[in-house]
Each structure stands twice: as structure tokens, then as C-alpha cells.
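Q: after the sequence you'll find the predicted model.
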Protein chains: 2
Amino acid sequence: MITLQDIARLAGVSHSTVSRALAGSPLINPDTRQRIQLLAHEAGYQVNQVARNLKVRSTCTIGLVVPEVLNPYYPKVVQLVADLAREAGYNLQLQLSGADQKAEATCIASLREQRVDGILLVTAEHGLVARDQVEALLASGVPIVLMGWVEDAEHIDMVMGDDSKGGSELARHLIGIGHSRIAILGKTAHRGVYDRLFGFRAALEEAGIVLSEDLQIEATSDIEVKRGVTRLLALPAPPTAIFAYQDSLAALVIKHLTDACLAVPQEMTVVGFDDLDLAAYLCPHLTTVGGHIESHAFRFVSLLIERIRKASSDTGPQHIVITPRLVVRGSCGPPRKEETIGNRRYHPNGYTQCAPTHTD
Amino acid sequence: MITLQDIARLAGVSHSTVSRALAGSPLINPDTRQRIQLLAHEAGYQVNQVARNLKVRSTCTIGLVVPEVLNPYYPKVVQLVADLAREAGYNLQLQLSGADQKAEATCIASLREQRVDGILLVTAEHGLVARDQVEALLASGVPIVLMGWVEDAEHIDMVMGDDSKGGSELARHLIGIGHSRIAILGKTAHRGVYDRLFGFRAALEEAGIVLSEDLQIEATSDIEVKRGVTRLLALPAPPTAIFAYQDSLAALVIKHLTDACLAVPQEMTVVGFDDLDLAAYLCPHLTTVGGHIESHAFRFVSLLIERIRKASSDTGPQHIVITPRLVVRGSCGPPRKEETIGNRRYHPNGYTQCAPTHTD
DNA sequence: CAGGCTTTTGCACACGATTGCAAAGAGTAT
DNA sequence: ATACTCTTTGCAATCGTGTGCAAAAGCCTG
């Protein structure tokens, strides 16, 4: 690799002169500056950012920690963050925490070792675990912004959705069209009063609807969702609506319902949460709550960059709350007549009466 | 930020001793080593990788360039690569080239400046444009591996699918169940003899089927797909099958067909390419060609790491070809009776007879 | 106790860039 | 010719680590 020294020798000047010339410093004679720039270009010189970063004590890199990238919610965030970061002149170091508590800590530690200028942390479903790491980060003055609610983190910058509100809107919509036996399905999360489940449950209670244990399914993988759906359908009194509290799970729910020959929404209403692009691909199109991912990402990045730029700014921690909106599409309708399920079409012991459409 | 020096002062030794102690060097007295390690841990010391990288002339980072991350094909690659890289002890620097020729060059240049140990480049649809950058990279000895076929790049390491074979299998399947008026839809690509389109077309020709201009639609965005589908349906002799040569596009095709009240596969067969998870969510489940993304990613990363480890290995450039397989699911069936479209149900002037299922 | 060997530590330089400061060179007024 | 200013360049220190080599310290043997 070719260095400043090499160019200096080529040009017959000192390396400091080359450095200044390439940086466009006005201290250098315009003629020599041009000559050096040309020379460097011809020689294919590329600055060694590692050395530069060491000297200037900044890497122009932000670290992005995301649980995974298969759930289509996260790629959307990654794409937006990447675009915004690039626009602002920052590189992106991506870390996938795998929703694992231990791994999250490792990710943050690694980013810290790399001396990234700031960290964007998208919290996994279960909330932030790597608290020690985050505190250490704050103590050493590295800006960090969280996306998603985390308990007991009032002193940390945060961008979150008022999912509670979205959840209750969704519930009220379902109640409004006549549902009262509603199941919920997803991975349990404890994100306090800002959680989508919190709002959903609250709205149900408000309407005097009790949510029995039977109707609460924990599931994250394809197979778990399948089991969950099967269990729901096998109940003496199956639900008339299912709230899968992530669009990606709702997609799976619809898939398994269809495989079981239940018509959505005629025989079962399904709603999701997030308003991914996916929601519009689905058949039927999914009723969901839009999280305004774009605004989330925008505030997320701008807040961090603002913190990086003037690290001394002692405006207290910011908590930015973004209100989502209900998006009503075709996947929900009035509850079916009581006898439809179980007697006429559904066979809990196997999908035999009406073969599923896939063959693999 | 706390440095080796600081720890050295704390421990009353020189910074070299601390460096060695933390690295677990056998040169250091076990007692002092432990004492120093404890001290460093307590003080919250974290090595400055920037300085370390400069000294050891390696960053333990690989750069991953991907066009975007919204098309669900790429996140899958990103996830796999990230996991494999982490396992091998490498960090990941993600760059989104945006399928833009200029941007791709910038990405590579940036990665080079950062002195990543190697680069994984997933070529955009149109093939590699930043040839200069890649050549420069090779010249300076930085390993690079391409994913996806690129013309005139025989001297570069490459992992690709034998998409041609997959394409022809797909075509033969369609022909086998009776289709002869088949449309193709996607973004034009010129990836030579390894392209899925190449194989598809070849198989058609072999069967004596001509692919008229009308039946070739160029489309990448939702709206373009919609227009394309509309145009196909409005033809005097509409196709009986559509080959959307990316699953993500096939998803859109199905969506717009459904909105237009055409039943898949009864009235229109749709097939895709890639076998994304998405393909199984769709209704009906999508017949497609599986690209074995996992094996792609695995070979992709291992080849690069192998190159990094023994940079001197002068085994010539490797071209790894992975054969995809046909995955038959519910989205294809025999061609419909001729009069079905246009007369009975389809209304090219608006989706009025049968309202689409979404309301936004 | 001298001399040799082994273990343990420190000195000093290198990695490749940035930058304050001094110095050299050029031009000008006194 | 001197002194002074202004422009242009080079010297040298610095960022935080890693590491070859020398030196110190400890141990053993004769």
C-alpha cells in the first residue's frame, strides 16, 4: 500500500506538505498543491483511514446494532439508517445481536473498541439487557441512541413509537366490528407502558372483554405459529380474530389458516402490527398499525449525529415518541357465525379435507 | 478513554508489559499477568482497535457490498454473511451500493481506505460496473470475491448460481404442464450465459416456442409491475403463465392479479426465482427456483477468508458454481380455457367488478 | 563467587497520518 | 544593506499499540 511518504518522495517534498496539499490546505502553494494532487491520483494513493482515525480521534463511523435482518422490519431500518448515515458522511458498522443478551453486549463492546463515533441500538423484543455496556458507553462519552422502549432508561436518548396507542386503536377497531373473542399471538415482551400489547389489553379491558389464558399464544418461529394456530382452532370456543403483534407473524398466521382451509377474513380476522411492505403483498392485504419507520429512522439518525457533532451539548436526554396510525385493509371483517368452525370445515386432526396449496 | 499507559501507571510497569499481559504472552510472569488483567478489567480498559489495526496492519473486518436491503433476497445474504463472519472472528462493514454504478465505486473505495481485510461484493442486477476499483483492489492485493455472474471477470474469485439451469428447468416445467404463451417480467439483466433468463429462453426455443415482444415486460417497482400486469391482461391473446424472475416481483404480480380478480393458478400461472422465505408466505405458495442462498453465502465467506489467511496462495481464481433446484408449489397449474379472461371476469378499464381487498 | 542460563521487564521504534511551530525564502519599505 | 512581513515548506511530536532486542534479575552449577 502506497503512503504519504511515497508520494512525498515522488514529489520531492516532505510528507507534511503532501498531507496538506491533499487536504486542500491554503498553506500550500496552489501550483505545488495541484502537482501533488495529480501525482497522488496517478499513483493511486488512498488515504489510510486507520492511521488518520488514530490521529484525529474520530472514525466517522456509526455502529448500528440490530437483532437480526430476516424479520423484514429490521432491513427497512437498516436501509434507511444506511442512507441517512451515508448522506451525513458516516460509515456504517453493522452488528447483528441475534436477540441474545450476551451477544448484544459483545456487539457494543466491539463497536466501542473500534471507536465508532456513536451507536444506534435497536432493542430486541425483550428490552435492553446490555445495560452495563450502555452505561459504560455513556460514562466514556460515546453517544448512543436507543430505538424502542426500554425500562429504567430515562437518562438515555431514545426514539420510540407510541405502540400502546396503536395497540388500543387496533383493539377498538376489532371491537367496533363486533369481535369479542380475540386471540393474541407473538413473542412475549416486557416493554412497559409503551408496548403494543399493553395498549391492546387496556382497550379490551376498557370494553369489558376478558382475555383468557387459552387465547394468548407465544410463538416466534414458523413451526410455533403453526402449533399456536392449531391450538386456537381446536378450542371449544375458538377466537373470531387473531392479533399477531408483528406483521411477519401475521403473515405466518394467515399462511397456516389458509393451509387449514379457513377463509380470511370471512372465517377469521387477522391483524398485525408494523405495516411492513409485506402487509400489502399478503392475501388478503393485512390490517395493521403503521409505525412510521421512516420518521423513526430519521429522528434516530439525526439525534445521534447531533450528539456526535456537539458532544458537549448538555440538553438532557431526549425521548422522541412517534405516534403510529391504524391502516385498515382486507384482512378483517365481522366475526363469523358460530357454527362455521369445527363442524363444517375445520378438522383439527389433519389438513385432509382440503389439501394445502404447497407441495414441498 | 483509558489507554495502556494508564494501566501501566496504575500497575507500576511499562506499557509493553501491560500489552503483553493482556495479550496473554508467556513472556510475562503469571502473577503480574493476572494482576494486570484484573486491574485493566476493573478500570474498564478496552483496547483501541484503531491503534492496534494500524500497528498490526489488519483490521479483522470484511466489507460487504450489497445493492440494497429492501429486496428480501439481500437481507438473507447479509444475515448469513454476518453470522459466518462473526464466527470467524471478523467484523462486518456494510455498504449499500444502491445498484448505482457510481455509488458502487465509492463503496469499494471507502472500504479500501478503511483497510478492510477483504471485500465481498454482491453484484447488482446489471453486472459489475466498478471494474476500475476492483482491478485496483486486486493490484494492491486486497482479496475480493464476487457473488453473481460478471462478464469478463475470469481472473476474479466468484461464487454464482447456475441460474441458467434453473431457468430452463422452470421453463420445461411450464411447458410440461401445457403452457405455451408465457410472459416474462423483471428488470433486464445482462449476465451472460449464466443468467436465469438465458436458460429460460433457451428452453422455450428448444420447445419451439417463440417469445413475442409483447410478452416481455420490464418492471422493478410496484407501480411498474402493476402497469405490466395490466398490459399483459389487455393483450388480444394474454399469456397463460407469467415468469417473474425474482420472487419479490412474483409477489407483486400475484398481488395485482388478485386485485384484478384473477385466480392463481386457475386463471394464471405465476412462477418466480430465488425461493425466498416470502415464497412460502404467498397465497398461493409460489413455485420458484431455489438458489441455495445458504451454500452461496457459505462458499462466499469461506473463499474470502481463505484468501485473507494465506494471501500468497496462488491457486488461480476460483469460480464456484452452485446448481439451484426447482421448487414446485401451488402457484402453477395447467393453462386456463381460452375464453376465461377478458370476456367473463377481467375488466381492463378498472377493477370495478370485484373490489380489491385493500382499502388504503 | 564467577559465569552461564533462564525468566522477566523496559527501551525504543514502527505503523501512517495530522498539525503547531520554526525556519527558509521571497518581496518590500526604510 | 537591514529589517520586516508574508508565503511556503519542513521538523518533530503525537495518536495507542505491538514487538525485537537489550538489559536486569533471579537461579543454578561448579
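A: Sure, I can see it.

Q: now the strands: where do they sit in chain A?
A: A:61-66, A:91-96, A:118-122, A:144-147, A:157-161, A:182-186, A:216-218, A:241-244, A:269-271, A:288-290, A:319-322, A:325-327 (DSSP state E).

Q: dump those to a markdown table, plus distance to DNA strand C.
A: Quick note: C-beta positions are derived from backbone N, CA and C, even for glycine. Listed next are the strands of chain A as a markdown table, based on distance: least, Cβ to the nearest atom of the strand, whole Å:
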| stretch | distance to DNA strand C |
| --- | --- |
| strand A:61-66 | 16 |
| strand A:91-96 | 16 |
| strand A:118-122 | 20 |
| strand A:144-147 | 25 |
| strand A:157-161 | 28 |
| strand A:182-186 | 50 |
| strand A:216-218 | 52 |
| strand A:241-244 | 52 |
| strand A:269-271 | 54 |
| strand A:288-290 | 44 |
| strand A:319-322 | 33 |
| strand A:325-327 | 47 |
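
Q: out of these, which gets nearest to chain B?
A: Evaluated over the strands of chain A, closeness to chain B peaks at strand A:91-96, with 4.2 Å, by Cβ to the nearest Cβ.

Q: list the contacts of that closest one.
A: With contacts defined as Cβ atoms under 8 Å, 6 or more residues apart in numbering or on different chains, strand A:91-96 is touched by A:59-69, A:78, A:81-82, A:85-86, A:107, A:110-111, A:114, A:116, B:78-79, B:82-83, B:86, B:91-95, B:110, B:114.

Q: ok, now with 7 Å
A: A:60-69, A:78, A:82, A:85, A:107, A:110-111, A:114, A:116, B:79, B:82, B:91-94, B:110 (Cβ atoms under 7 Å, 6 or more residues apart in numbering or on different chains).

Q: next one: stretch A:5-23
A: For stretch A:5-23, using Cβ under 7 Å, 6+ apart, the contacting residues are A:L4, A:L27, A:I28, A:T32, A:R33, A:R35, A:I36, A:Q37, A:L39, A:A40, A:A43, A:Y45.

Q: ok, the last one - how many residues close by?
A: Residues contacting A:Y45 under the criterion other Cβ atoms under 10 Å in any protein chain shown number 20.

Q: now swap in the third one and tell me
A: Residues within reach of A:I28, counting by other Cβ under 10 Å, total 21.

Q: rewinding a little: hmm, which of the contacts of stretch A:5-23 are the buried ones?
A: Those of the contacts of stretch A:5-23 that meet the buried threshold are A:L4, A:I28, A:T32, A:R33, A:I36, A:Q37, A:L39, A:A40, A:Y45, by 16 or more other Cβ atoms under 10 Å in any protein chain shown.

Q: from the residues you listed, list the ones also adjacent to chain B.
A: The subset of the buried ones among the contacts of stretch A:5-23 lying close to chain B, counting by Cβ under 7 Å from any Cβ of the partner chain, is empty.

Q: which ones among those residues map onto helices?
A: The members of those that map onto helices under DSSP state H are A:L4, A:T32, A:R33, A:I36, A:Q37, A:L39, A:A40.

Q: ok, so of the residues you listed, who is nearest B:A207?
A: Ranked by distance to B:A207 (Cβ to Cβ), those are led by A:A40 at 58.4 Å.
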